[in-house]
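Undergrad: After the sequence you'll find the predicted model.
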Amino acid sequence: MKDLRARPRTTVAAAAAGLSLLAVACGSSAAASASTAAPGAPRDARPASALAASSLAAPGSTEAGSTALAGTSPITRGASASETSGASSAPEDLTIWTAFSGTLGATFDHLVTAFNSSQHAYHVVAVYKGSYSQVLADTIAAFRAHAAPNIAQIFDAGTATIMDAKGTYVPVHELMARYHLPFSTADFIGGAASYYETAADQLDSLPFNSSTPVLYYNKAELAHAGIMAAPHTWTELAADAATLAAHGQRCSLTSSGAYVMWTDLEQYAVWNGYHYATEDNGYGGIKGVKLQIDSPPFISHLALLGNLARKGGYIWNGVATSTVPLFTKGTCAMYEQSSADLTTIEAAAKFPLGVAELPVVAGDKAAPQNTVVGGASLWTLAGAAPASYKGDALFLHYLMSPPAQAYWASHTGYVPVTNAAAALLNSEHFYKTHPSDLVAVEELTNKPPLPYTRGIRLGYLPEVREDEASAIAEVLSGKETAAHALAVAQAQGDTILRQFAAQYGG
Amino acid sequence: MRRSRRWRSALRHLVLVALAVVMALPLYLAAVVATHSAASVLRGVPLLPGGHLGTNLTTIFGRGVPDTPSLTTMLANSAIMAFSVALLKLALSIPAAYAVTFFRFPGRRIAFALVFVTLMLPIEVRFFPTYAVTAHLGLLDTRTGLVLPLVASATAVFLLRQSFRAFPLELADAARLDGIGPLRFLVHIVLPLTRPILAAIFVLEFIYGWNQYLWPLLVSSSARQATVVMGIREIIGAAQSFAVPQWNLVMAISLVALVPPVVVVVVMQRWFVRGLMSGIS
Amino acid sequence: MGASSLASASVAVPSATEPATEPAPRTARGGAPATRGLGRRRPTRGDVAFGHRLLPALLILPELVVVGIFFLWPSVQAISEAFQQTNAFGLGARFAGLANFGAALQSGYGQAVWVTAAFTALTTVVSMALGLFLATQVESTGRFRPVYRTVFIWTYAIPGAVAGALWLFLFEPGVGPGARLLSYLGVHWNFALSAPEAFGLVVALTVWQQTAYDFVFFSAGLQAIRADVLEAASLDGAGPFTRFWRVVMPLLGPTVVFVAVMDVLAALFGSFAVIDLLTQGGPGGSTTTLVYMIYRDGFQNGDVGLAGAETILLFVLAGILLAVQVRVLNRRAHYR
């Protein structure tokens, strides 16, 4: 613990060197996943990893090294807390459930290892539980069965589901206050704070991995069709699609596979300044909230995608199919996808890659407004051993420290969630050398959010998204008109929202 | 007449071979894909085996697909689960079936009725409350919690009872007159004579255990407890997250996962069909 | 009682009336209805063998303990949860009356019932027809019989999830050979977006496996029909078709009913892995069967009360269905 407070004040480079030497000493966790040409091999130009090699055999690194090594092995990564106990001097195990796999898992393990070796009272065990919705489902089931982890990573869409279930978690602002750790909503960048804050402007969970969708584009293919810049509006995009098709590039656009409803309905709403749901997208309360997606702006957007799809200009193959290869293999020239996938895409794309802001609706004076974060925040669950909460607080506090955040943001496509970390990255000239990473930050902070562009605070939002995905599939396959499909999705979604309000006593 | 019969026979073989080919095609293509590299699978459908089988096998048994449990561990867990389910089922249902068939005791019918209800709700339907109970008992992510709920169904009891009921009364009477106790009668006379049905139950339960998907997925949260069948979904997810989807590895693992139950059924087919159908006659 | 017909039919009858398979391999089959197991008293030899009282209780105790803990207790819990409303994490429970049942009927239950019914009917009819066809043809192949047997039996043992993985690849719109073949034939295949394609794929895969299962039992049923019966019919001048419909089918009757029951149960309860691997119930709920819906609502969406209500509704539906089948089964009994 003693180093923990000191470390945040060092520069990114120094802290990162400290972190990475652990990884190098133990045969780098990144190497394990990179060896099969894993999604997003580590980005070489990153400041932290550049320094790693210089400080190989540091004294005392062996012990930490072995835990980090164990951390990369799936078998022990899944080890439960009950495993290690015995000697009273043994650190107390804290379990965190995440959806981080592959390179992200390795990068997160890195932070965990750094925390574990910085103190001896607690030992954090990160367990990969599968997809975001899997983590939420497992956390719910485990909580009901009194077997919850200490901390769970709950994705954006699950926020209301847990936030409104008072008693299931210890709000992070209370937790920090209890252990006298400095913490304020104002520490966080606008987009992250607004998405997760309560009506009282407090944070119940720690915003962690945060990203926002951007428009990736294949510079070579656009240039081949004589298009020199990414489209600014959807009208331009449709025109570009026609030009691309005329030049033999049939598919001009694809969207996130699992989260097309996030890119093309939720983020589309806030970026263009439309209401996604009543009550400021649910921020005003859960009772009587209704979706607003059965309205002209959404219908026209979905119709545009449907028209493109009919000619093969837009491809999306259902929530279970990744669309990354469609873009990186050159099948589609542009790609609406989370900035979190930047590393993956950079590693796989064999063409000059461009990253631009999302297109806006032509003629919409409010646009662009701001995007909101997607990703996940970390929740401290109730019902754990009282002694463990101090460990939770210390770990979360470590994760929000500028070096940890800067390390995380610079090794992934996520944005730094605290202002201090953003400042730190700036002072390191990170965004000068990595302009692609800046696009997401600019979108998030484009304008101060309006009451209805803070985020989407709807209960059972994952279920609502399922119905939206069905609607999108029907429009893209030409089975339904956009108007009809969205009307159905809205009706189904409203049923779900009513059910939520009934269960949560709204 | 003879010629037309020969023609008919030839036609029959033709149709059957064609159908057999259709049935086997998915497996053949999977096997072919398992012998290629991921990149060549992406380029086009290989119809003939390639030279990457060794590499792929080394990969799946060695490093494996990133972020998925080790294949050896999963296979071992599957085997343990399949054998545990089969043996435990026999151990529980033999005495139970013996009791309801050869004895008359108070509560016999109620006991029988209780067991009967289990037929109505397989674990697929009652998994949620079963999960809660398993958690309540602290058995989540343990082998016991994995196996016991799967054993809580009475189909084997019914099969055995049917077989026991057909037992010649004279044998039991003779045994009683000779002063042979019920347990000795069970072990030395009943069980040896009902071997085919015992084998049949073993085969069915082995496959049932090996092929379980939903329950292990819910109850086994750590990679140490993962079985190969429940692991398939995760493996597909991980393999697809690559820039070049590793379908060759998925196919290789799938083939490895389906070999044990298929071999058991093919090798023991005659035995277990006879056990099921003529256990009584 | 005609001796020969009794001899041949009774072979199949016992397993036809009793649940013959444990939750058959691949999936959990619930087991067939025990028409004679319960209710109908028939003095059997075994009934009177031993007079002990404590011993049988001890013998049956382990089974009852396991069934009690892992079956009855959860079932009671499901019933009580169905009448409660809580938030996803199980807090704030309060009595909800029939609200969950109302929500269940609202939230696509009707569609799921139709999907399940169509899926069950299609897979049962097609697999039975194919299985019977294969069995009759293979029976007449003489010395090649064992070879064909082996060739047609194996798909049955493949784990549903693994079969799903194989087919997911074969029909993956981008890479899959099946999908490429279809697009070569001019079909723009994408089961991730097209409801009929997704439904057809799940049905085809289920038939692929279920046919093998049906084939095994039809083969065994056919073998049990004694050659002299067929010969006698043949001598009477009956042609092959007459012989099949007039002689073989009635004798095969109980096996047919048994296979039908097992197929229905497999479709009702056993399709989970295949659906989860291939379509996750989509697109647009077109492959959301009742069991898959319960899983999604209860586990994925954390709505335990709703899932409990849906479970009870499914239980009732399955009970009605099985009762109907039991009646059909009893009517068939006159064959003996």
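TA: Arrived safely.
Undergrad: Please, where are all the strands along the chain?
TA: You didn't pick a chain, so chain A it is. Listed in chain order, the strands of chain A (DSSP state E) span A:92-98, A:122-128, A:151-155, A:169-170, A:206-211, A:213-218, A:251-255, A:314-315, A:332-338, A:353-356, A:374-381.
Undergrad: that's the wrong chain, I wanted chain C
TA: Using DSSP E, strands in chain C cover C:84-85, C:94-95.
Undergrad: so which of the ones you listed gets nearest chain A?
TA: Relative to chain A, the nearest member of the strands of chain C by C-beta to the nearest C-beta is strand C:84-85, separated by 5.2 Å. Where C-beta positions appear, they are placed from N, C-alpha and C, glycine not excepted.
Undergrad: Does chain A have contacts with that closest one?
TA: Yes. Strand C:84-85 comes into contact with chain A (C-beta under 8 Å from any C-beta of the partner chain), by way of C:Q85.
Undergrad: Counting by contacts, list what that strand packs against.
TA: In this structure, strand C:84-85 makes packing contacts with strand C:94-95, helix C:99-104, judged by 3 or more C-beta pairs under 8 Å, 6 or more residues apart in numbering or on different chains; DSSP states H and E.
Undergrad: For the longest one, name the packing helices and strands.
TA: This points to helix C:99-104. Applying 3+ C-beta pairs under 8 Å, 6+ apart, one finds that helix C:99-104 contacts helix A:482-503, strand C:84-85, helix C:304-332.
Undergrad: What about A:P386? Give its phi and psi, please.
TA: Main-chain torsions, A:P386, degrees, to the nearest 10: phi -50, psi -40.
Undergrad: beta partners of A:Q153?
TA: A:Q153 has the following beta-bridge partners by DSSP bridges: A:L378.
Undergrad: I figured it hits A:V135, correct?
TA: Yes. Judged on C-beta atoms under 8 Å, A:Q153 makes contact with A:V135 at a distance of 5.9 Å.
Undergrad: Give me the more crowded residue out of the two.
TA: Regarding A:Q153 and A:V135, a neighbour count based on other C-beta atoms under 10 Å in any protein chain shown identifies A:Q153 as having more, with 27 against 24.
Undergrad: Assign B:D67 to helix, strand or coil.
TA: On the three-state scheme (DSSP: H, G, I helix; E, B strand; the rest coil), B:D67 is labelled coil.
Undergrad: Excluding chain neighbours, what is closest to it?
TA: The spatially closest residue to B:D67, leaving aside those adjacent along the chain, is A:S101, at 4.1 Å (C-beta to C-beta, 6 or more residues apart in numbering or on different chains).
Undergrad: now B:M81
TA: Closest residue to B:M81 apart from its sequence neighbours, by C-beta to C-beta, 6+ apart: B:G209 at 5.1 Å.
Undergrad: most neighbours per residue, which of the strands of chain C?
TA: For the strands of chain C, the largest average neighbour count (mean count of other C-beta atoms under 10 Å in any protein chain shown) is found in strand C:84-85, namely a mean of 21.
Undergrad: Next, the residues that contact it from outside, please.
TA: Outside of strand C:84-85, the residues within contact range by C-beta atoms under 8 Å, 6 or more residues apart in numbering or on different chains are A:A502, A:Q503, C:A93, C:R94, C:F95, C:A96, C:A99, C:N100, C:G305.
Undergrad: B:L53 and B:A34 touch, don't they?
TA: Yes. At 6.5 Å, B:L53 counts as touching B:A34 under the criterion of C-beta under 8 Å.
Undergrad: Of those two, which one has the most company?
TA: Between B:L53 and B:A34, counting by other C-beta under 10 Å, B:A34 is the more crowded of the two (25 against 16).
Undergrad: Quick check, pLDDT for that one.
TA: B:A34 carries a pLDDT score of 91 in this model.
Undergrad: Report the closest residue of chain A relative to chain B.
TA: Ranking the residues of chain A by distance to chain B (C-beta to the nearest C-beta) places A:A145 first, at 2.8 Å.
Undergrad: Kindly provide the distance from that residue to C:D297.
TA: Between A:A145 and C:D297 the computed distance is 18 Å (C-beta to C-beta, to the nearest Å).
Undergrad: Hmm, A:H411 is touching A:T107, no?
TA: Yes. Distance between A:H411 and A:T107: 4.8 Å, which falls inside the contact criterion (C-beta under 8 Å).
Undergrad: who has more neighbours, those two?
TA: When A:H411 and A:T107 are compared on other C-beta under 10 Å, the one with more neighbours turns out to be A:H411, at 27 against 24.
Undergrad: ranking the helices and strands packed on helix C:99-104 by mean pLDDT, which is last?
TA: helix C:304-332 (a mean of 77).
Undergrad: Now do that helix against helix A:482-503, angle only.
TA: Helix C:304-332 and helix A:482-503 are oriented at 100 degrees to each other (axes from the mean of the first three to the mean of the last three C-alpha atoms, to 10 degrees).
Undergrad: right, is helix C:304-332 up against chain B?
TA: Yes. Looking at helix C:304-332 against chain B by C-beta under 8 Å from any C-beta, the contacts come from C:V304, C:A307, C:G308, C:T311, C:L314, C:F315, C:A318, C:G319, C:L322.
Undergrad: can you check stretch C:189-201 too?
TA: No. If you take C-beta under 8 Å from any C-beta as the test, stretch C:189-201 misses chain B, and the best it gets is 12.0 Å.
Undergrad: If anything else comes up later, I'll come back, but that's it for now.
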